[in-house]
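In: this is the structure alone, sequence omitted:
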């Protein structure tokens with residue numbers, strides 16, 4: 001029987017209603033739907049796959065045309081300026097909203113397409129990336145907070161934190177990544193499944209099952225999350241303890257265990273509290289996709305959820321798990337070539353081989369000295385994934401704009417260098433860090449007496465100077481601060497305003513359940529679980545602040561509590577808009593220099609205060625972003641919010657204990673720790689960098705650097721502010737330009753040195769292949785395999801690098817041949833002339849000695 005139609009009074013299109021005898025035969029209806037999909041898959045522009053439709057086919061059968069049109073109208077309004085929303089889908093929705101005659105098909109095809117797109121939006125996700133790593137339904141009975149989950153999570157938190165904290169001061173260091181540990185979490189969970197007794201244990205009114213059955217996906221995700229939020233290490237133990245306690249740095253004698261616990265606990269948990277407060281701004285909104293979290297979910301699904309055998313996707317029938325194993329093992333083997341045996345494959349600076357002693361050629365095209373202008377820069381997966389840990393996780397539109405920004409930055413660096421602006425032609429073109437007036441690393445010890453600036457020594461030595469590449473990084477960083485704060489506010493003011501109202505309402509009514517939007521399937525699922533009251537996160541934030549205030553007050557840090565209030569408020573203002581940028585575009589805007597500049601102007605000459613405030617300012621933001629990204633992972637995996645809350649708190653607690661224990665052992669047992677003469681290579685390159693920064697901005701001070709030596713930086717804030725307003729006005733009049741995000745452009749400049757265009761180019765090829773070509777031509781393949789394959793390659797590189805390090809680098813076994821020597825044989829390899837200009841006859845460049853800029 002043919003379906004009947006009723007005219008839609010709102011928009012003048014036909015409303016499709018299956019008659020009763022059709023509804024009794026759902027299987028035939030489903031068959032017709034799948035037949036149509038097979039016939040029209042190519043013509044539809046590949047915004048949906050057969051696998052997606054199979055997951056929502058019951059919803060398609062049940063939904064009415066009227067409801068479908070409501071969903072389409074909602075999507076057109078809500079996703080109008082969403083760069084992650086497929087442009088082909090947006091065009092199709094506009095046509096669908098106007099009826100089948102405008103759509104240009106018969107009524108059956110029109111209603112079929114309308115219902116499919118509506119059901120994907122309302123019951124799954126409009127983003128193919130999210131559909132690739134999530135499920136349409138939630139199993140509320142799936143085990144999550146089990147004894148074995150916490151046991152596995154704590155064990156790997158301890159191992160990951162311990163290994164990374166121990167080796168962090170070493171150069172070269174060994175670092176375990178979250179992706180690598182994630183692989184070991186799965187067999188650990190399976191072992192627990194096999195060895196733990198299947199019985200319940202009671203502690204008071206609480207009872208739990210030691211072994212509730214098969215190791216579940218939610219257990220895997222939650223254990224992985226515990227590792228992910230801690231594996232990067234604790235900023236305070238990585239930098240501040242060494243910088244404050246060791247005699248070659250500030251040599252503070254009050255760095256007791258009590259001080260360490262107060263500072264480390266407060267700084268780590270401060271970020272957790274902030275992340276919880278931020279979740280209404282950057283976690284709950286659908287548009288906050290957080291693309292960089294998706295490979296983690298993909299890998300967990302590949303490890304735990306086995307695919308149905310016999311499923312063929314674009315000719316491939318291999319399971320995700322088997323593909324992961326093959327790709328992982330293959331990369332472990334392959335990386336021996338670029339990583340050790342044939343290093344020219346990694347540093348493929350082939351253009352410099354033409355004339356290895358040509359300085360200009362090396363400066364522009366070189367991979368180590370130069371700017372990396374090279375169309376074929378590398379055959380090393382690690383190079384392509386150096387700016388990002390997994391470049392495939394970044395949307396193509398975002399990465400392309402970042403690359404354009406890096407390319408523009410390359411031109412600017414060339415102008416600065418070859419025009420000798422700010423004496424840059426006397427320095428290496430892309431050096432990362434401060435140099436003296438002879439193009440040597442700036443030696444802080446030559447200007448200090450008892451930890452304070454000695455003007456007599458300073459006048460005899462040198463002011464700090466920056467290379468052309470570093471000038472680009474600093475200039476774009478100054479500009480990025482107001483731009484990254486204002487532009488997201490202009491673009492997402494509704495989201496920010498609604499989230500602020502929801503947050504304030506939740507504070508006043510803490511027992512009110514979160515209200516899920518009717519077209520947000522993830523929020524609908526999460527609303528079934530008990531929410532974490534905002535007061536809990538606020539309490540963590542307040543307690544963290546109190547612990548920090550106590551530490552600053554009872555120990556002679558010369559850092560007043562009110563200064564911490566300023567830095568914390570600055571972080572609180574910055575985090576929501578910066579979180580929005582990261583949630584949509586996949587990159588984290590660096591405002592690392594903001595707290596040290598604030599501290600430098602507040603406390604000129606006080607390096608310790610600068611060190612402490614820099615730690616709080618940088619770490620609060622970094623931790624908040626880390627915790628927020630993992631909360632988004634739990635949101636996609638439908639982990640109960642309170643389970644996420646407890647897991648993150650417990651993991652952070654163990655992280656702090658382990659990190660403090662490791663660092664204090666190192667201080668007591670490693671001779672010449674952080675000294676260039678350390679025989680075990682624990683030279684603390686990162687600590688030296690942070691210490692140098694605090695001397696630059698705390699002791700020398702931003703007034704000298706930015707008011708006198710590099711006054712152009714002061715205008716960066718104003719330019720960023722004005723550019724945000726200008727671009728917002730432009731896109732108001734030319735909406736099509738909204739796809740260009742100025743934050744993406746300047747991010748490419750901000751993350752230039754110590755990288756260069758070669759790293760961005762290698763990443764562009766990988767990103768283009770996966771996220772443009774394969775995604776557009778073979779969407780089903782891309783959804784199933786892209787994240788798994790890229791995660792396998794990244795994990796393989798990590799394991800191979802660890803094996804290489806202990807096998808042939810810890811006690812060096814050199815392989816000397818052309819393939820290892822040619823990348824480093826010419827100027828690009830550090831042999832011969834390294835600067836455009838030789839030093840003047842007086843032996844140094846820049847200001848005259850005795851006339852260097854000072855505070856006076």
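Out: Received it, and whenever you're ready, just let me know what you need. Everything numeric in this text was worked out from a predicted model, so none of it was measured.

In: could you measure from the closest residue to residue 200 other than its chain neighbours over to residue 650?
Out: Nearest residue to residue 200 in three dimensions, chain neighbours excluded: residue 209, at 5.0 Å (Cβ to Cβ, 6 or more residues apart in numbering). (Glycine included, C-beta is placed from N, CA and C.) Distance of residue 209 to residue 650, computed by Cβ to Cβ, to the nearest Å: 19 Å.

In: same question for residue 521.
Out: Residue 521 is 29 Å from residue 650, by Cβ to Cβ.

In: neighbour-wise, which of the two wins?
Out: residue 521 (24 against 15; other Cβ atoms under 10 Å).

In: any idea how far residue 474 is from the residue nearest to the more buried one when sequence neighbours are not counted?
Out: Excluding the flanking residues, the one nearest residue 521 by Cβ to Cβ, 6+ apart is residue 123, at 5.4 Å. Computed as Cβ to Cβ, the residue 123 to residue 474 distance reads 48 Å.

In: circling back to that earlier point, list the contacts for the residue nearest to residue 200?
Out: 146-147, 198-200 (Cβ atoms under 8 Å, 6 or more residues apart in numbering).

In: switch to 10 Å and redo it
Out: 143, 146-148, 196-201 (Cβ atoms under 10 Å, 6 or more residues apart in numbering).

In: would you list those in CSV and tack on pLDDT?
Out: CSV is the format used below for the contacts of residue 209 (pLDDT from 0 to 100):
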residue, pLDDT
143, 91
146, 92
147, 92
148, 94
196, 91
197, 90
198, 86
199, 84
200, 82
201, 81
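
In: now, these that are in strands?
Out: The strands, defined by DSSP state E, take in 200-201 from those.

In: distance to residue 321 and neighbour count added to the contacts of residue 209, as CSV?
Out: Shown next, in CSV, are those (distance: Cβ to Cβ, whole Å; neighbours: other Cβ atoms under 10 Å):
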residue, distance to residue 321, neighbour count
143, 21, 19
146, 22, 24
147, 26, 16
148, 21, 23
196, 23, 16
197, 28, 9
198, 26, 10
199, 30, 8
200, 31, 12
201, 33, 11
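
In: export the contacts of residue 209 as TSV, with columns for distance to residue 67.
Out: Shown next, in TSV, are the contacts of residue 209 (distance: Cβ to Cβ, whole Å):
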residue	distance to residue 67
143	35
146	39
147	44
148	43
196	47
197	50
198	46
199	48
200	45
201	48
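
In: so who does residue 476 touch?
Out: 405, 408-409, 412, 483, 590, 716, 720, 745-752.

In: which of those scores worst on pLDDT?
Out: Lowest pLDDT of the contacts of residue 476: residue 590, 67.

In: excluding residues flanking it in the chain, which one is nearest residue 750?
Out: residue 476 (4.5 Å).

In: cool, and residue 613?
Out: Closest to residue 613 by Cβ to Cβ, 6+ apart is residue 599, at 4.1 Å.

In: quick one: distance of stretch 750-758 to the chain centre.
Out: 16 Å (Cα atoms, centre = their mean, to the nearest Å).

In: stretch 209-220 now?
Out: 29 Å.

In: could I get the buried residue list for that stretch?
Out: Neighbour-count burial for stretch 209-220 flags 209, 211-212, 215-220 (criterion: 16 or more other Cβ atoms under 10 Å).

In: returning to what we had before: which elements pack onto the helix or strand containing the residue nearest to residue 613?
Out: Assigned by DSSP states H and E, residue 599 belongs to helix 593-602. Under the contact definition 3 or more Cβ pairs under 10 Å, 6 or more residues apart in numbering; DSSP states H and E, helix 593-602 sits against helix 468-491, helix 561-585, helix 607-637, helix 685-694, helix 702-704.

In: okay, those helices, which one's buried deepest?
Out: Most buried of those by mean neighbour count (mean count of other Cβ atoms under 10 Å) is helix 607-637; its value is a mean of 25.

In: just checking, next helix/strand downstream of that helix?
Out: helix 641-669.

In: what angle separates that following helix from helix 607-637?
Out: 140 degrees (axes from the mean of the first three to the mean of the last three Cα atoms, to 10 degrees).

In: run through the stretch 401-550 of the chain and note the low-pLDDT ranges.
Out: For the stretch 401-550 of the chain, the stretches flagged by pLDDT under 70 are 509-517.

In: wait, the chain
Out: Checking the chain against pLDDT under 70 turns up 1-47, 172, 174, 306-310, 509-517, 590, 855-856.

In: now the strands for it?
Out: 4-7, 14-17, 200-203, 206-209, 434-435, 448-449, 452-453, 465-466.

In: next, count neighbours for the closest residue to residue 681 other than its chain neighbours.
Out: Once flanking residues are discounted, residue 681 sits nearest to residue 170: 5.2 Å by Cβ to Cβ, 6+ apart. Residues contacting residue 170 under the criterion other Cβ under 10 Å number 16.

In: same question for the one 3 residues further on.
Out: A count of nearby residues for residue 173, using other Cβ under 10 Å, gives 15.

In: quick one: contacts for it?
Out: Per Cβ under 10 Å, 6+ apart, neighbours of residue 173: 164, 166-167, 681-682, 685-686, 805.

In: name the nearest of those residues relative to residue 282.
Out: residue 164 (26.2 Å; Cβ to Cβ).

In: so residue 847 is in contact with residue 423, correct?
Out: Yes - applying Cβ atoms under 10 Å, one finds residue 847 in contact with residue 423, separated by 9.3 Å.

In: intersection of neighbour lists for these two?
Out: With Cβ under 10 Å, 6+ apart as the test, residue 847 and residue 423 both reach 437, 465, 709.

In: neighbours around the second one, how many?
Out: Right, the one you point to is residue 465. 26.

In: now do it against residue 424, distance only.
Out: In terms of Cβ to Cβ, residue 465 sits 8 Å off from residue 424.

In: against residue 854, how distant is residue 703?
Out: 9 Å.

In: for residue 400, that is, sorry about that
Out: 46 Å.

In: and the two? which has more neighbours close in?
Out: residue 400 (18 against 15).

In: right, and the more buried one touches residue 772 too?
Out: Yes - if you go by Cβ under 10 Å, residue 400 and residue 772 touch, sitting 8.6 Å apart.

In: burial count for the residue nearest to residue 613?
Out: Residue 599, neighbours per other Cβ under 10 Å, totals 29.

In: I figured it was touching residue 605, is that so?
Out: No - Residue 599 is not in contact with residue 605 according to Cβ under 10 Å; the separation is 11.3 Å.

In: what sits in contact with each of those two?
Out: 698, 701.

In: gap between the two ends of stretch 417-428?
Out: Length of stretch 417-428, first residue to last, Cα to Cα, to the nearest Å: 9 Å.

In: how distant is it from the center of its chain?
Out: With Cα atoms, centre = their mean, you get 33 Å for stretch 417-428.

In: can you check stretch 634-649 too?
Out: Distance of stretch 634-649 from the chain centroid (Cα atoms, centre = their mean) equals 19 Å.

In: kindly report the same for stretch 695-715.
Out: Here stretch 695-715 is found 29 Å from its chain centre; the criterion is Cα atoms, centre = their mean.

In: thinking again about what came up before, of all the helices and strands packed on helix 593-602, which lies closest to residue 449?
Out: helix 607-637 (12.6 Å).

In: what's the angle from the closest one to helix 561-585?
Out: 40 degrees.
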